[in-house]
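Asks: Attaching a predicted model along with its sequence, questions to come.
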Amino acid sequence: MRDYRDAVAVVALGACTPIGLTAQVTHAERAAGTTGFVCTEVRDDRRGRIRASRLPLLKEDRTRTQRMVALGVTALEECLAEVKQWGVQRLPLILGLPEQMHGAPWEQEELKEALEQQMAAVRLEWEPGEWREGRAGLFPALARARELLRRQRSPWVLVGGVDCLSDRASLRRLVESGRCLTEERRAGVLPGEGAGFVLLANAETVRQQRLVVKGWIVAESSAREERHFRQGEPNQSDGLTAVFHQLRYHPLVRGQRVDRVLSCQTGESYWAKEFALAYLRNAELFPEPLMIEDVAQGLGEVGAAAGALQVGYGLYVLRKLGGRRALVYGSSDGGCVGACVLAVQP
């Protein structure tokens, strides 16, 4: 890495998914090919049972809010298990949340109160702003976190995402909108749920605290796609193209291909076409041959949790399977697009 001081360190991870209550278990199970898909009680128009990825410890009748609370609290507890011994008293938090019009209604205040109660010993300071960008929400959150660290407003920033689309009400909405994978709709979504957190620190904090670093956020970028999923014009992938172009010419990335690519997307053909256009315009950034690790392969559509879960898994893959750098990218239904480059060594 050209300038160690410009990177942001990942010093702790937390995850809760249908295949693991911790990041370590989730990563190992994903690498082994384990999935969390089950046949649910919700049926499509032809009376076929909808498949979804669900945490088996949660009862089927739990609401979206209840499931998000359980997932979020569990992932947060893991991520901040060692924070007390580091002397952390206050912690800025940027939490990626579900997009509007995607899934059933849920109670944001109930989620916030539950997370605050879980970390009573550390004051969570919610970063102002609307962070409801779904699958792509992590990337503007990383940019804000980097800004907070650079301005020395805090030596630590917590970034994460929580979502659930496999609760009963959300499944019914997805069926009604024709979005779910069914016998008739082979290109649909397999709903899922999950939570992920990433604790970030600047290089000076890492040095002073002598922290063990799990990896580095080398660079991130985000943009708006005007011709997004929810409008009628063909998507020309201008937003994702701009994101990849910015990363490709970033001072810490320029001239170097990434070794791994991880997607926050659902597996629908729409997103594959969007990526293909942006990839062809920025092929020098990507590995040859190109292989993409979709979060949906094992966890389904996890919405706002996708970014944090993929960052953790990307660092795991780099350490276990080799490679210096990985790229994580995502696009929301409403037009937010983004990506980041990870590294295991400065």
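Replies: That came through, no problem.

Asks: need the contact list for the spatially most distant residue from the centre of the chain.
Replies: Centroid-distance maximum for the chain: Arg46 at 33.1 Å, with CA atoms, centre = their mean. Contacts for Arg46 (CB atoms under 8 Å, 6 or more residues apart in numbering) come out as 182-184. Quick note: C-beta positions are derived from backbone N, CA and C, even for glycine.

Asks: pLDDT at it, what is it?
Replies: At Arg46, the model reports a pLDDT of 76.

Asks: Please tell me how far it sits from Lys273.
Replies: To Lys273, Arg46 is 28 Å away according to CB to CB, to the nearest Å.

Asks: again with Ala52
Replies: 25 Å.

Asks: for Ile50, same thing?
Replies: For Ile50, the distance to Lys273 - CB to CB - is 25 Å.

Asks: between those two, who's got more neighbours?
Replies: The neighbour comparison of Ile50 against Lys273 (other CB atoms under 10 Å) goes to Ile50, with 22 against 12.

Asks: Report whether the expected contact of that one with Glu176 is present.
Replies: No. Taking contacts as CB atoms under 8 Å, Ile50 lies outside contact range of Glu176: 11.5 Å.

Asks: so how far is the host helix or strand of Thr65 from its chain's centroid?
Replies: Assigned by DSSP states H and E, Thr65 belongs to helix 64-79. Relative to its parent chain, helix 64-79 has a centroid offset of 15 Å by CA atoms, centre = their mean, to the nearest Å.

Asks: Likewise for stretch 137-148?
Replies: How far stretch 137-148 lies from its chain's middle: 12 Å, per CA atoms, centre = their mean.

Asks: and if you look at stretch 33-52?
Replies: 23 Å.

Asks: Walking through the stretch 151-300 of the chain, point out its strands one by one.
Replies: 156-164, 193-201, 215-224, 260-263, 292-294 (DSSP state E, counting those that start in this stretch).

Asks: Among these, which comes closest to Ala81?
Replies: Among these, strand 193-201 comes nearest to Ala81, with 10.3 Å by CB to CB.

Asks: Parallel or antiparallel, which strands does that closest one pair with?
Replies: strand 8-16 (antiparallel), strand 156-164 (antiparallel) (DSSP bridges).

Asks: then the last one to CSV, C-alphas only?
Replies: Taking Å, rounded to 0.1, in the frame of the first residue of the first chain, the C-alpha atoms of strand 156-164 are listed here in CSV:
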residue,chain,number,x,y,z
TRP,A,156,-13.2,4.7,16.2
VAL,A,157,-16.2,4.4,14.0
LEU,A,158,-18.7,1.6,13.9
VAL,A,159,-20.4,0.8,10.6
GLY,A,160,-23.0,-1.9,10.0
GLY,A,161,-26.2,-3.0,8.4
VAL,A,162,-29.3,-4.9,9.6
ASP,A,163,-32.1,-6.3,7.5
CYS,A,164,-34.8,-9.0,7.2
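
Asks: what angle sits between that strand and helix 64-79?
Replies: Angle of strand 156-164 versus helix 64-79, following axes from the mean of the first three to the mean of the last three CA atoms, to 10 degrees, is 150 degrees.

Asks: And strand 156-164, how far out from the chain middle?
Replies: Using CA atoms, centre = their mean, the offset of strand 156-164 from its chain centre is 8 Å.

Asks: For that strand, give the mean pLDDT please.
Replies: 97.

Asks: buried stuff in stretch 239-259?
Replies: Neighbour counts over stretch 239-259 (16 or more other CB atoms under 10 Å) mark 239-248, 250, 252-253, 256, 258-259 as buried.

Asks: dump the residue contacts of Leu111.
Replies: Per CB under 8 Å, 6+ apart, neighbours of Leu111: 65, 68-69, 72, 162.

Asks: swap in Glu116?
Replies: Glu116 touches Leu124, counting by CB under 8 Å, 6+ apart.

Asks: the bottom helix or strand of this structure by mean pLDDT?
Replies: Least confident element among the helices and strands of the chain, by mean pLDDT, DSSP states H and E: helix 203-209 (a mean of 90).

Asks: which other residues reach that helix?
Replies: By CB under 8 Å, 6+ apart, the list of residues contacting helix 203-209 reads 4-5, 7, 9, 11, 86, 155-156, 201, 211, 213, 346.
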